[in-house]
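**Q** how would this look folded up:
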Amino acid sequence: MVNVEDAVIARLVRDNEHFELLVDCEKAMQYRKGEADLNEVLVVEEIFKNARTGDKQSEEQLKKTFQTTSLQQIADNILKKGEIQLTADYRKKQAEGKRKKVVAFISRNAIDPRTNTPIPLTRVELAMEETKTHVDPNKSVEEQIDKIVDELRPVLPISFEKKGYTITVPAKSAGKAFSKIMRYGQPKEQKWLADGGFYCKMSIPAGIAEEFINDLNKLTGGEIMIKEE
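**A** Down below sits the predicted model:
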């Protein structure tokens, strides 16, 4: 738990009345996602009219606005529907986290079309530094990936290709292989064979095709048929 001096304000405004909490920034954002308990979030167990001056909200006003004076119920309302101030450290951490997700997405799903080989994480990171590519921490990877790739292409050729495979797994490894295959994606065609084996056709991002094949060969001891379409 952070000290009061390091706490941020979570604020909900209703009918020109302010309802404020002093909270741990990171825990408050986790609470919104259902990843933290309320007692981890609140730095001070009070509902304020002005948290910085310590001016508390009246029970009368709480009852009028929320039909309750329960700290837990009102705090839950404020945290889920109100505005939470974000610290510079939290913003930085979010930006770095989203940047890593973008780098991982490109490395996992793309190839260098000049060599038809996967693009290492470090090459993607260096290209982003060179092009000064900005990653928006408030947008999903999918929402901004096209723009980011366009910025990177002058220094890093990128191709989002997929490779198709026909896979046949013998019965003794079929169960384990089925679970592994499903982690990589949904086959476009699949069936269990009369002898207990498993057959499927699926497409894999070219960037992880080698990893996919190696994983299945290792899992089955090499007793698997994988044919590129």
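
**Q** how is this structure carved up into domains?
**A** 7-84, 88-152, 162-228 (automatic domain parsing).

**Q** what about the second one, how long is it end to end?
**A** Same thing as domain 88-152. Domain 88-152 has an end-to-end distance of 27 Å (Cα to Cα, to the nearest Å).

**Q** now do the last one
**A** Terminal residues of domain 162-228 lie 11 Å apart, using Cα to Cα.

**Q** Redo the domains of the chain as TSV? Include mean pLDDT and mean neighbour count.
**A** C-betas here are computed from N, CA, C, even on glycine. Shown next, in TSV, are the domains of the chain (pLDDT from 0 to 100; neighbours: other Cβ atoms under 10 Å):
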stretch	mean pLDDT	mean neighbour count
domain 7-84	95	16
domain 88-152	93	15
domain 162-228	93	15
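
**Q** need the helices for this protein, in chain order.
**A** Taking DSSP state H as the criterion, the chain carries its helices at 25-32, 38-41, 59-66, 71-81, 88-109, 121-131, 141-152, 171-184, 209-220.

**Q** so can I have JSON lines of those helices showing distance to residue 227?
**A** Formatted as JSON lines, the helices of the chain follow (distance: least, Cβ to Cβ, whole Å):
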{"stretch": "helix 25-32", "distance to residue 227": "46"}
{"stretch": "helix 38-41", "distance to residue 227": "52"}
{"stretch": "helix 59-66", "distance to residue 227": "64"}
{"stretch": "helix 71-81", "distance to residue 227": "51"}
{"stretch": "helix 88-109", "distance to residue 227": "22"}
{"stretch": "helix 121-131", "distance to residue 227": "30"}
{"stretch": "helix 141-152", "distance to residue 227": "30"}
{"stretch": "helix 171-184", "distance to residue 227": "15"}
{"stretch": "helix 209-220", "distance to residue 227": "11"}
